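Undergrad: kindly return the folded structure for what I paste below:
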Amino acid sequence: MQLIDWIVLTVTLLFIVIYGVWKTRGSKNVEDYILGNNQTPWHTVGLSVMATQASAITFLSTPGQAYHDGMGFLQFYFGLPIAMVVICVTFIPIYHKYKVFTAYEYLEKRFDLKTRSLAAILFLVQRGLGTGLTIYAPAIILSALLGWNLTIMNSIIGILVIIYTFSGGTKAVNVTQKQQMFVILSGMIITFFLILHYLPNDMTFSSALHIAGANDKMNIVNFSFDPEEKYTIWSGITGGFFLALAYFGTDQSQVGRYLSGKSVRESQKGLIMNGLLKVPMQFFILLTGVLVFVFFQFNPVPLNFNPNNKITVEKSAYKNEYHILEKKLEALSEDKKVINLLYIDQLNQDYDNPILRKELIELSSKEKDLRESAKEIILKADKNSETNDKDYVFFHFILNYLPKGLIGLLLAVIISAAMSSTASGLNALASTTAIDIYKRNLKEEKTEKHYVNATKFFTLFWGIIAILFASIGTLFENLIQLVNIVGSIFYGTVLGIFLVGFYIKYVQAKAIFYSAIISQITIFIIYYFTIYIYESGDEKLGYLWLNFIGALLTISLSVLLQIILFRKELKTE
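TA: As a prediction, the model looks like this:
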């Protein structure tokens, strides 16, 4: 990194933090601190919702996901627009009607304190883990870049977020996320067009897509009914729908964003904005990853993108074996470049040469074999090494190929995204702990200032917890999948509780409480025996289905328990 990169990075991050503190200082009551005094316009709601979901993991892992597996991950988001409509029609009007500070406050009004507390605790567990991951993702990059201790990097990023979130609460989160989204989108758009510029001169955008397609990177829709397939149109529309419904409808980190809206209509418009823009944004990020793949068909590429693995092997007795593989990959890369240039020339003459296309596929297969051999050597050098390098692909491209100044901007993009998601997470964790756990179980009435200070204390508390979790976190497959897996384990049960509350009026507190406990335990068991104990790629069930199963199980059990065991408690709402 050059001096200009450090200047861009430092100025961008300091501006966001200082602006957030200055713009939102002096909250006097809980409504102002947690709900932003219900003064947030729809466009800010929409940007805040998008920024909360678009963590650093999105911009770090998604391009790497596309590089290795293509565009199929987009199916994960197919259920999101439908979920936005359902939330706008049902969830938002009910939350505003009851004038709640958190989503879980509604559950006590509908059921009882036990149900409210259970849902709040499930949220605190999964969001506490998820917030730690949003810190951990960019810390990996900067620790590798600067050679700093990972724990130090986690602490620096976490402290930056704590400063303005502690100071201004929801208002600070909302106003800073507008700047963060501007930085994020600007950086990604500039990078996209730079990649196109770096491709060979006679190569059109259409030719780039043909090369990606020849390497099986452009298969957006998979109609397979195989439950072992992670991403299909069916899992996206069902599991993805239930995950989005749970995340945007019951996760306080998102609910808090639109509860601060000026009105029901403003909140609804903000969510619809997210529904319209989210899938195109993810398509664009995945496409950027695919173009990175095309770029590396003409440029040198490492055996493993994780620089730490290269260092590990160089210090071991296996370095000569690794060097032999590197020489083979170097020769293979030259062959790929020649064949790809020939293929482009044929495409420019409107001829998709099947022989060249077949050669490209064979070369890609050989490269994949070399990478697998490299992973085996890395594991022999250190059995604890993380050989999955998806999260380092985009990082490698940024550091080695972007011009001066833009490296700093892209790092600012990644850290800004981390800060936006972490801030929303901390704000939601603090609000839920203060309102649903602390205030609700406090015997004596306290002043507004007391509860504001309590929420600030819990912001600091959860910030420290998130930093600690980030410091002990390890890569699992890749980060964006880990975040979604953590969510999928818990979201189905919580969503089931809310759906019963909204739509099945005769189910009462005991039935939903016990069904939720049984459902959550069942999901843990299903996850362990169908996903966790299998190696990457061998899962017996795509994790997205956990959202659907959890919600369906909670709803079905609550109805059965109400009819069979708790019939005497039926009452008309």
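Undergrad: for the helix or strand containing Ile156, packing partners?
TA: If you go by DSSP states H and E, Ile156 is part of helix 150-198. Applying 3 or more Cβ pairs under 8 Å, 6 or more residues apart in numbering; DSSP states H and E, we find helix 150-198 packed against helix 3-23, helix 30-35, helix 42-53, helix 113-146, helix 252-259, helix 264-295, helix 406-432, helix 448-472. (C-beta placed from N, C-alpha, C; glycine too.)
Undergrad: from memory Phe458 sits against Asn427, does it?
TA: No: contact criterion Cβ atoms under 8 Å: Phe458 and Asn427 do not qualify, at 9.9 Å.
Undergrad: what does the model give Thr572 for pLDDT?
TA: At Thr572, the model reports a pLDDT of 44.
Undergrad: which SSE is immediately downstream of the helix holding Ile156?
TA: helix 205-214.
Undergrad: returning to that earlier point: between Phe458 and Asn427, which one's more packed in?
TA: Just comparing Phe458 and Asn427: by other Cβ atoms under 10 Å the higher neighbour count belongs to Asn427, 31 against 22.
Undergrad: surely that one touches Ser167?
TA: No: contact criterion Cβ under 8 Å: Asn427 and Ser167 do not qualify, at 11.4 Å.
Undergrad: still on that earlier bit, tell me the angle the helix holding Ile156 makes with helix 406-432.
TA: 130 degrees (axes from the mean of the first three to the mean of the last three Cα atoms, to 10 degrees).
Undergrad: list the contacts of the spatially closest residue to Met50 that is not a sequence neighbour.
TA: The shortest distance from Met50 to any non-neighbouring residue, by Cβ to Cβ, 6 or more residues apart in numbering, is to Asn274 (5.4 Å). Residues in contact with Asn274 (Cβ atoms under 8 Å, 6 or more residues apart in numbering) are 46, 49-50, 53, 84, 248.
Undergrad: just Ile82 next, same as before
TA: Listed by Cβ under 8 Å, 6+ apart, the contact partners of Ile82 are 237, 241, 244.
Undergrad: pull up the per-residue confidence for Val483.
TA: 64.
Undergrad: in this protein, what secondary structure element scores lowest on mean pLDDT?
TA: One helix or strand of the chain scores below all others by mean pLDDT, DSSP states H and E: helix 30-35, with a mean of 64.
Undergrad: could the contacts of Asn274 be laid out in a markdown table, adding pLDDT and neighbour count?
TA: Output for the contacts of Asn274, formatted as a markdown table (pLDDT from 0 to 100; neighbours: other Cβ atoms under 10 Å):
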| residue | pLDDT | neighbour count |
| --- | --- | --- |
| Gly46 | 84 | 26 |
| Val49 | 82 | 27 |
| Met50 | 80 | 21 |
| Gln53 | 69 | 25 |
| Met84 | 92 | 24 |
| Phe248 | 89 | 27 |
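Undergrad: between the residues you listed, which sits nearest Tyr318?
TA: Gln53 (41.2 Å; Cβ to Cβ).
Undergrad: distance from the helix holding Ile156 to the middle of the chain?
TA: From the chain centre to the centre of helix 150-198 is a distance of 14 Å (Cα atoms, centre = their mean, to the nearest Å).
Undergrad: let me see the mean pLDDT of that helix.
TA: The model assigns helix 150-198 a mean pLDDT of 78.
Undergrad: quick one, it and helix 3-23 angle?
TA: Going by the same axes, to 10 degrees, helix 150-198 makes 120 degrees with helix 3-23.
Undergrad: tally of neighbours for Thr58?
TA: Neighbours around Thr58, by other Cβ under 10 Å: 24.
Undergrad: touching, it and Ile414? I think so.
TA: No: look at Thr58 against Ile414 with Cβ under 8 Å: they stay out of range, at 9.4 Å.
Undergrad: contact partners for Ile555?
TA: 496, 499-500, 504, 515.
Undergrad: let me fix that: Ile504
TA: With Cβ under 8 Å, 6+ apart, Ile504 has these contacts: 555, 558-559.
Undergrad: mind checking how far it is from Ile497?
TA: Distance of Ile504 to Ile497, given as Cβ to Cβ, to the nearest Å: 11 Å.
Undergrad: then Ile195?
TA: Relative to Ile497, and taking Cβ to Cβ, Ile195 is found at 45 Å.
Undergrad: again, but for Phe395
TA: Phe395 sits 39 Å away from Ile497, going by Cβ to Cβ.
Undergrad: more neighbours: those two, which one.
TA: The residue with more neighbours, out of Phe395 and Ile497, is Ile497; 30 against 25, by other Cβ under 10 Å.
Undergrad: if we can go back for a sec, of the contacts of Ile555, which belong to helices?
TA: The helices, defined by DSSP state H, take in 496, 499-500, 515 from these.
Undergrad: narrow these to those that are buried.
TA: Neighbour-count burial (16 or more other Cβ atoms under 10 Å) applied to the ones in helices among the contacts of Ile555 gives 496, 499-500, 515.
Undergrad: closest to Leu118 among those?
TA: Ser515 (10.9 Å).
Undergrad: please name the nearest non-neighbouring residue to the closest one.
TA: Nearest to Ser515 is Leu557, by Cβ to Cβ, 6+ apart, at 3.5 Å.
Undergrad: and the angle for the helix holding Ile156 with helix 264-295?
TA: Using the same axes, to 10 degrees: helix 150-198 against helix 264-295 is 70 degrees.
Undergrad: quick one: helix 150-198 to helix 252-259, angle?
TA: Using the same axes, to 10 degrees: helix 150-198 against helix 252-259 is 60 degrees.
Undergrad: how about residues contacting stretch 359-368?
TA: With contacts defined as Cβ under 8 Å, 6+ apart, stretch 359-368 is touched by 211, 214-216, 329, 332, 335-336, 339-340, 343.
Undergrad: pick the one among those residues closest to Asn149.
TA: Leu329 (31.4 Å).
Undergrad: do you know the pLDDT at Thr493?
TA: On the pLDDT scale, Thr493 gets 92.
Undergrad: other SSEs contacting the one helix or strand it maps to?
TA: Using DSSP H and E, Thr493 maps to helix 479-503. Under the contact criterion of 3+ Cβ pairs under 8 Å, 6+ apart, helix 479-503 touches helix 56-69, helix 103-110, helix 113-146, helix 239-250, helix 509-527, helix 545-564.
Undergrad: ok so, going back, which stretch among the helices and strands packed on helix 150-198 comes nearest Asn201?
TA: helix 264-295 (13.8 Å).
Undergrad: just put the contacts of Asn274 in CSV and tack on distance to Gly408.
TA: What follows is these, written out as CSV (distance: Cβ to Cβ, whole Å):
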residue, distance to Gly408
Gly46, 28
Val49, 27
Met50, 23
Gln53, 25
Met84, 35
Phe248, 33
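Undergrad: and which of these is nearest Ile121?
TA: Among these, and counting by Cβ to Cβ, the member closest to Ile121 is Phe248, at 20.3 Å.
Undergrad: now the contacts of Ile504 in JSON lines, with pLDDT and distance to Leu402?
TA: Formatted as JSON lines, the contacts of Ile504 follow (pLDDT from 0 to 100; distance: Cβ to Cβ, whole Å):
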{"residue": "Ile555", "pLDDT": "94", "distance to Leu402": "49"}
{"residue": "Ser558", "pLDDT": "93", "distance to Leu402": "53"}
{"residue": "Val559", "pLDDT": "93", "distance to Leu402": "56"}
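Undergrad: residues near the closest residue to Gly261 other than its chain neighbours, how many?
TA: Nearest residue to Gly261, sequence neighbours excluded (Cβ to Cβ, 6+ apart): Ser267, at 3.5 Å. Neighbours of Ser267 under the rule other Cβ under 10 Å: 29.
Undergrad: now do Lys505
TA: Lys505: 12 neighbours (other Cβ under 10 Å).
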